[in-house]
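**Q** Sequence and predicted structure are below.
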Amino acid sequence: MFKRLVSVYLIVILIIFVVLGVSMLKMFENYHFDKKSEALIDAGQKLNSTVIKYLNNQVSYERLGMEMESTERFLNAKIWVVDKMGYIYGVSSKSETKLIGRQLTENDIVKVLKGNIIAKRGDYDEYFDSPVMTVGIPIFVNGKVENGIFMHSPIYEIKETLKETYKIIIYSILISMLIAVALLYFISQKISKPIMEINKITKVIASGEFDKRVAIMSKDEIGQLAVSFNHMAEELNKLEEMRKGFIADVSHELRTPLTLITGYVKGLMDVELSEEKRGEYLDIIYKETGRLTELINDLLDLSRMESGKNILNMKKFDINELIRRNIVNYSNKLEEKNINVEANFKHDPMWVMADKESISQVISNLVDNSVKFMNDGDSLIINTDIKENKALISIRDTGIGIPASDLTNIWHRFYKGDKSRSRQVSGTGLGLSIVKEIIKSHNEQIWVESKVGEGAVFVFTLKLCDNA
Ligand SMILES: Nc1ncnc2c1ncn2[C@@H]1O[C@H](COP(=O)(O)OP(=O)(O)OP(=O)(O)O)[C@@H](O)[C@H]1O
Ligand SMILES: [Mg+2]
């Protein structure tokens, strides 16, 4: 991450500096050239009057030469004076006397003799070894061009001054790159360290230590990631706990009937066992294997529903009829306990759209619970009604009721209220979780109201269907 950040930033910095540096240098260069040509033109104007005096024979050729020489020294520029035909007749430096008498035919020189001031940079290979900047000034006498002054200053002198600027730019590039690298190192450390920390903890959690958490307190995106990560770890932990609990519950539920079966099978092996006892033992074994099958079936149902693989067979049917049939199925148990059964159907028939088999299981599970937790002579009241365009089915009993603290737990798998009593009352605690899953898969609601000693009422909704 650090390397990638650094290379991107350095490239950006480099591009910025190169673009900036090149344009700044161009600006400086132009500025220097302008300044130099101004100075040269200025000096040329001064020489102008001396040349005119010379032409009027007011000063000597030597005097003109001396003045040119001092200007050359002052400005570091070779100076030529030419006549109107372009022949050089005066030079500022002794070394150039060989040029005297030579005719200049270059374009820009002709321009000067036509009355223009010129200033240009370029090569005069014929006369100078290195590039020069040249300024040419026409000399007028009575409004006509009579002579011209040319001044050549070597360009390397200007380049020399620009070298300083180059240096400054290069130094600033280096310094800012150093600062950038340092800052980037700091920033990327700040970013990558917590990510590495999360990475490390992920591996630890993946290896099964679900209680590990990331300790990052920052409020930025990384901090948020850490919070989400910890939340995920928390959920994983809960899931793991649930899984462990589930296995423990299942093993426990399986062990009790299996122990009983093993015990009675051992008893059956006794050759001296009476025929009567043998029948009794077989009866118990039969009941316990039945319980085991029921438990396995319930578990399979639940897991199918929870994985969303349960396909509902939605059909239109009369819910009142289904309730009647369920009550008939339970009539033996209801009579055994002397239970008063009351059914109030506001609309009869009441058509609903649902999976009939599953809803039948819901009703039988709820009625089964009511019967189980009612005392002799209690009442079971089943109502159906329509509210807010929904079928409302309530199953009420006047049994022992459910403590408020249990009202949310009863929906959990294997949850059985009042542990001490649960041995006498059969059941595995799966009934209500199956009920809940069925209603959930129908996208409907189920809820419970209860008070200890006064009984309980379970109410669920179903999708209504038009009559007929
Ligand atoms: N009508 C009710 N009156 C009093 N308590 C109830 C009633 N219905 C459920 N409960 C409480 O909720 C618990 C969970 O019910 P659930 O139907 O899930 O399990 P179960 O009846 O114990 O076993 P299973 O239904 O698997 O045979 C019960 O053990 C009981 O404590
Ligand atoms: Mg039950």
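**A** Thanks, I have it. Ligands and ions are numbered 1, 2, ... in the order given.

**Q** residue of the stretch 201-350 of the chain with the smallest distance to ligand 2?
**A** Residue nearest to ligand 2 within the stretch 201-350 of the chain: residue 298 (9.9 Å; Cβ to the ion). The way it works is simple: take the backbone N, C-alpha and C, and place the C-beta from them, glycine included.

**Q** let me fix that: the chain
**A** Nearest residue of the chain to ligand 2 (Cβ to the ion) works out as residue 431 at 2.7 Å.

**Q** show me the contacts for that residue.
**A** 298, 365, 368, 369 (Cβ atoms under 8 Å, 6 or more residues apart in numbering).

**Q** quick revisit: where's the residue of the stretch 201-350 of the chain closest to ligand 2 relative to residue 243, distance?
**A** Relative to residue 243, residue 298 is positioned 18 Å away (Cβ to Cβ, to the nearest Å).

**Q** Do a quick rundown of the helices in this structure.
**A** Ranges of helices within the chain are 2-55, 61-75, 107-113, 155-206, 221-268, 275-306, 319-329, 331-336, 356-372, 431-441, based on DSSP state H.

**Q** and this protein, which of its residues are near ligand 1?
**A** Within the chain, the positions adjacent to ligand 1 are 365, 369-370, 373, 397, 399-402, 410, 415-418, 427-432, 456 by Cβ under 6 Å from any ligand atom.

**Q** where does this structure have low pLDDT?
**A** Scanning the chain for pLDDT under 70 picks out 1, 125, 419-424, 467-468.

**Q** how about the residues of it that lie near ligand 2?
**A** Residues of the chain lying close to ligand 2 (Cβ under 5 Å from the ion) are 369, 431.

**Q** residue contacts, whichever residue of the stretch 51-200 of the chain sits closest to ligand 1?
**A** Residue of the stretch 51-200 of the chain nearest ligand 1, by Cβ to the nearest ligand atom: residue 198 (40.3 Å). Residue 198 sits next to 214, 216, 225, 226, 229 when contact means Cβ under 8 Å, 6+ apart.

**Q** Return the member of those nearest to ligand 1.
**A** residue 229 (35.3 Å).

**Q** Relative to residue 195, how far out is the closest one?
**A** When residue 229 is compared with residue 195 (using Cβ to Cβ), they lie 11 Å apart.

**Q** Can you flag the buried ones in the contacts of residue 431?
**A** Among these, the ones that count as buried by 16 or more other Cβ atoms under 10 Å are 298, 365, 369.

**Q** didn't the last one look like it was pressed against residue 429?
**A** No: taking contact to mean Cβ atoms under 8 Å, the distance of 10.8 Å between residue 369 and residue 429 leaves them out of contact.

**Q** which residues touch residue 414?
**A** Contacts of residue 414 (Cβ under 8 Å, 6+ apart): 246, 249, 250, 253, 428, 429, 430.

**Q** Next, the fifth one: phi, psi?
**A** Same thing as residue 428. Phi and psi for residue 428, reported as degrees, to the nearest 10, are phi -110, psi -10.

**Q** Surely it touches residue 296?
**A** No: contact between residue 428 and residue 296 fails when scored by Cβ under 8 Å: they sit 10.4 Å apart.

**Q** The two: which has the busier surroundings?
**A** Using other Cβ atoms under 10 Å as the criterion, residue 428 and residue 296 rank with residue 428 on top: 22 against 13.

**Q** residues contacting that one?
**A** Listed by Cβ under 8 Å, 6+ apart, the contact partners of residue 428 are 253, 294, 295, 298, 414, 416.

**Q** Phi, psi for the last one please.
**A** With angles defined as degrees, to the nearest 10, residue 416 shows backbone torsions of phi -130, psi 120.

**Q** Ok, the fifth one next?
**A** Backbone geometry at residue 414, expressed as degrees, to the nearest 10, gives phi 70, psi 10.

**Q** repeat for residue 378
**A** phi -70, psi 170.

**Q** Enumerate every residue touching the spatially closest residue to it that is not a sequence neighbour.
**A** In space, residue 378 comes closest to residue 398 once its chain neighbours are excluded; the distance is 4.5 Å by Cβ to Cβ, 6 or more residues apart in numbering. Neighbour list for residue 398: 374, 378, 379, 454, 455 [criterion: Cβ under 8 Å, 6+ apart].

**Q** repeat for residue 426
**A** By Cβ under 8 Å, 6+ apart, the contact list for residue 426 reads 291, 372.

**Q** how does it look with 10 Å?
**A** 287, 291, 294, 372 (Cβ atoms under 10 Å, 6 or more residues apart in numbering).

**Q** again, but for residue 451
**A** 401, 402, 403, 404, 457.

**Q** And it, how close does it get to ligand 1?
**A** 11 Å (Cβ to the nearest ligand atom, to the nearest Å).

**Q** Enumerate the beta-bridge partners assigned to that residue.
**A** Bridge pairing for residue 451 (DSSP bridges) gives the partners residue 455.

**Q** sorry, back to before: nearest to residue 163, of the contacts of residue 428?
**A** Distance ranking of these against residue 163, using Cβ to Cβ, places residue 414 first at 87.4 Å.

**Q** Just give me the neighbour total for residue 403.
**A** 14.

**Q** Could I get the phi/psi values of it?
**A** Backbone dihedrals for residue 403, given as degrees, to the nearest 10, come out at phi -60, psi 150.

**Q** and the residue in the stretch 201-350 of the chain positioned nearest to ligand 1, what does it touch?
**A** As assessed by Cβ to the nearest ligand atom, ligand 1 sits closest to residue 298 within the stretch 201-350 of the chain, at 6.4 Å. Counting by Cβ under 10 Å, 6+ apart, residue 298 makes contact with 253, 361, 365, 413, 428, 429, 430, 431, 433, 434.

**Q** same deal with residue 287?
**A** Residue 287 makes contact with 257, 260, 261, 426 under the criterion Cβ under 10 Å, 6+ apart.

**Q** Over to residue 294?
**A** Counting by Cβ under 10 Å, 6+ apart, residue 294 touches 426, 427, 428, 430.

**Q** same check, this time on residue 404
**A** Counting by Cβ under 10 Å, 6+ apart, residue 404 touches 450, 451, 452.

**Q** Break this structure into its domains for me.
**A** Residue ranges for each domain of the chain read 2-160, 221-306, 314-464, as given by automatic domain parsing.

**Q** right, so of the ones you listed, which gets closest to residue 168?
**A** domain 2-160 (9.5 Å).

**Q** From one end of that closest one to the other, what's the distance?
**A** This stretch, domain 2-160, spans 40 Å end to end (Cα to Cα, to the nearest Å).

**Q** How far off centre is that domain?
**A** Relative to the centre of its chain, domain 2-160 is centred 64 Å away, using Cα atoms, centre = their mean, to the nearest Å.
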